[in-house]
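**Student:** no FASTA, just this:
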Ligand code: GLV
Ligand code: MN
Ligand code: MN
């Protein structure tokens, strides 16, 4: 089998997809089910149809594009990632796994390979938590990690529910039907940029993921007392933003003091009410994103944050409420996928590192119903979720080649 990746076409497609965005280039903003996202999804579907794939969408908007194998009743071999993007993101997060996955399938088709198991490209809906507050909504539903009832009720910042938003996008199916049987996929492989600096530092261009860190997130509201910035004396204040600031530092400390590089915690949202220069903040909403490869250590850090909440609310006379959005377990990548990836690398003489994914991915949830694994390629300076995110065309093509080879092995 002679496999050749069309690197020029793949790079051009990455640029085309990046142009479908709500941000000034080079930034990409593609929040799920906005007009830009809907245009990107339609563009993606037409690319898949052009490749002769049979396309279907489920009720949450996961897109399945299938190359039917010689044995169509056998479980499929899946690959894919997401094309939604957080505000002010780059071009490569998720996109490399989707367009790379499509190019891997086209390269296999061009080579004359005929799969026994069907090979299916899966474009996950709403991987990013931007709109509905929870990441990987599509794969949570596919894997049954989240119930259809709970998903339907989630709201965006404008108060629109998932159910309303998806129906406006033309997705009228039943959310109950999104869940896949455990026999649906034989294996699943996701190609993705590393989103960290380790491959680049080691000067190795491929990473085979061993495990995916466990993410958790919380919504936290701090209720204090507002008033005039000149009139209210300092001893009388219950400034919600000052309390939130103290809590944010306690959150940072909870991750730092674990002593492990895999412990990370981030407050990425801070909404201040009323948000006026001469008004004491009366209400603040923040989010907590906390992750670790070790579940017990992550949960220990969450406990210490809970203790900080109690101490700060007592000390400052504010009310702090926390709402758990998700607390997921980590995933081990499947040995058969790791082996297929490692053999494919070796056959091409490509060195690789075995590594942990500290970012979460849809593969975390797919691993609950299928043998799942991931292949990483480097991104410059480890930058991701920012406009200067960059992956070199050679690295993308190399990752796509290894992906294609692995899909061939897994579907033979
Ligand atoms: C995925 O985008 C993540 O935040 O890890
Ligand atoms: Mn992302
Ligand atoms: Mn991603």
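**Tutor:** Thanks, I have the structure now. Just so you know, these numbers come straight off a predicted model, no measurement behind them. Ligands and ions are numbered 1, 2, ... in the order given.
**Student:** make it CA atoms for all contacts and neighbour counts henceforth
**Tutor:** Noted.
**Student:** run through the residues that contact the closest residue in space to residue 271 that isn't next to it in sequence.
**Tutor:** Distance criterion C-alpha to C-alpha, 6 or more residues apart in numbering; nearest residue to residue 271, sequence neighbours excluded, is residue 285 at 5.0 Å. By C-alpha atoms under 8 Å, 6 or more residues apart in numbering, the contact list for residue 285 reads 219, 220, 221, 222, 269, 270, 271, 272.
**Student:** out of those residues, who's nearest ligand 3?
**Tutor:** Among the contacts of residue 285, residue 269 lies closest to ligand 3 (C-alpha to the ion), at 19.2 Å.
**Student:** I'd assumed residue 165 was in a strand, is it?
**Tutor:** No: counting by DSSP: H, G, I helix; E, B strand; the rest coil, residue 165 is not found in a strand; it is helix.
**Student:** tell me how far it lies from ligand 1.
**Tutor:** 21 Å (C-alpha to the nearest ligand atom, to the nearest Å).
**Student:** I'd say that residue and residue 35 touch.
**Tutor:** No: Residue 165 is not in contact with residue 35 according to C-alpha atoms under 8 Å; the separation is 11.7 Å.
**Student:** those two: which has the busier surroundings?
**Tutor:** residue 165 (18 against 15; other C-alpha atoms under 10 Å).
**Student:** please name the nearest non-neighbouring residue to the more buried one.
**Tutor:** residue 33 (7.2 Å).
**Student:** now that neighbour, what are its backbone angles?
**Tutor:** Here is the backbone geometry of residue 33 (degrees, to the nearest 10): phi 70, psi 10.
**Student:** same thing with residue 336?
**Tutor:** According to degrees, to the nearest 10, residue 336 has phi -70, psi -30.
**Student:** just the pLDDT at it, thanks.
**Tutor:** pLDDT recorded at residue 336 is 98.
**Student:** shouldn't it be in contact with residue 374?
**Tutor:** No: with contact defined as C-alpha under 8 Å, residue 336 does not count as touching residue 374 (11.6 Å).
**Student:** between these two, which is the more surrounded one?
**Tutor:** residue 374 (29 against 14).
**Student:** next, see if the strand or helix carrying the more buried one gets close to ligand 3.
**Tutor:** Taking DSSP states H and E as the definition, residue 374 sits inside strand 371-377. No: using C-alpha under 5 Å from the ion, strand 371-377 never reaches ligand 3; the gap is at least 11.1 Å.
**Student:** where does whatever residue of the stretch 201-350 of the chain ends up closest to ligand 1 sit: helix, strand or coil?
**Tutor:** Relative to ligand 1, the nearest point of the stretch 201-350 of the chain is residue 215 (8.0 Å; C-alpha to the nearest ligand atom). Classification of residue 215 by three-state DSSP places it in strand.
**Student:** for ligand 1, give me its nearest residue in the stretch 101-250 of the chain.
**Tutor:** residue 128 (5.5 Å).
**Student:** err, the chain, not the other one
**Tutor:** residue 359 (3.5 Å).
**Student:** that's a strand at that residue, yeah?
**Tutor:** No: counting by three-state DSSP, residue 359 is located in no strand; its state is coil.
**Student:** can you pull the pLDDT of it?
**Tutor:** 94.
**Student:** next one: residue 1
**Tutor:** For residue 1, the model assigns a pLDDT of 84.
**Student:** residue 259 too?
**Tutor:** Per the predicted model, pLDDT is 89 at residue 259.
**Student:** how much space between it and residue 384?
**Tutor:** Relative to residue 384, residue 259 is positioned 24 Å away (C-alpha to C-alpha, to the nearest Å).
**Student:** who's more crowded, these two?
**Tutor:** residue 384 (21 against 9).
**Student:** where do the strands sit along the stretch 301-412 of the chain?
**Tutor:** 319-327, 331-332, 353-357, 371-377 (DSSP state E, counting those that start in this stretch).
**Student:** which elements pack onto the first one?
**Tutor:** Other helices and strands packing on strand 319-327, by 3 or more C-alpha pairs under 8 Å, 6 or more residues apart in numbering; DSSP states H and E, are strand 214-223, helix 295-316.
**Student:** what about residue 206, distance to ligand 3?
**Tutor:** According to C-alpha to the ion, to the nearest Å, residue 206 and ligand 3 sit 17 Å apart.
**Student:** backbone dihedrals for that residue, please?
**Tutor:** The phi/psi pair for residue 206 (degrees, to the nearest 10) is phi -140, psi 140.
**Student:** with the one 4 residues further on instead?
**Tutor:** In this entry, residue 210 is assigned phi and psi values of phi -90, psi -40 (degrees, to the nearest 10).
**Student:** burial count for it?
**Tutor:** Other residues within reach of residue 210 by the criterion other C-alpha under 10 Å amount to 19.
**Student:** for residue 36, same thing?
**Tutor:** Number of residues near residue 36 (other C-alpha under 10 Å) recorded here: 18.
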